[in-house]
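S.K.: Quick one, structure for this:
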Amino acid sequence: MTPIAGSHDCYKGPGIYQHFKGQFYFVFGLSMECDDSNNQIVVYRPLYVTEDNGIGWAGFIHRKLSVFNQSVQYEGHVVPRFSKIAALP
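M.R.: As a prediction, the model looks like this:
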């Protein structure tokens, strides 16, 4: 995986997203860094179980919005890092 210049504007609000490698995540929304940068941060958690996260793991992941929206080169194709697959009802 190689990040490349450009953006797919992947973030479309809270919901279920799929990572380009296939895993699913529940995105809660945006927060802000508590420093002078005021970077927007996407807050989400995995919807899959691994040895590392275990059943019922409730850890949150924080990723800068600019990185969440990046395009990546994967298996010879330029793809969005995340794709929204379901909205909240």
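
S.K.: Contact partners for G15?
M.R.: F26, V27, K84, I85, A86, A87, L88 (CB atoms under 8 Å, 6 or more residues apart in numbering). Heads up, the C-betas are built off the backbone N, CA and C, glycines and all.

S.K.: swap the cut-off to 7 Å and go again
M.R.: For G15, the contacting residues are V27, K84, A86, A87, L88, by CB atoms under 7 Å, 6 or more residues apart in numbering.

S.K.: Would you mind writing the PyMOL command to select the buried ones in those residues?
M.R.: Remark: buried members of the contacts of G15, expressed as a PyMOL selection using 16 or more other CB atoms under 10 Å:
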select buried, resi 27+84
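
S.K.: Strands - which of the contacts of G15 land there?
M.R.: If you go by DSSP state E, the contacts of G15 have V27, K84, A86, A87 in strands.

S.K.: helices or strands next to the helix or strand where R45 lies in the packing?
M.R.: Counting by DSSP states H and E, the element that carries R45 is strand 40-46. Applying 3 or more CB pairs under 7 Å, 6 or more residues apart in numbering; DSSP states H and E, one finds that strand 40-46 contacts strand 24-32, strand 61-64, helix 65-68.
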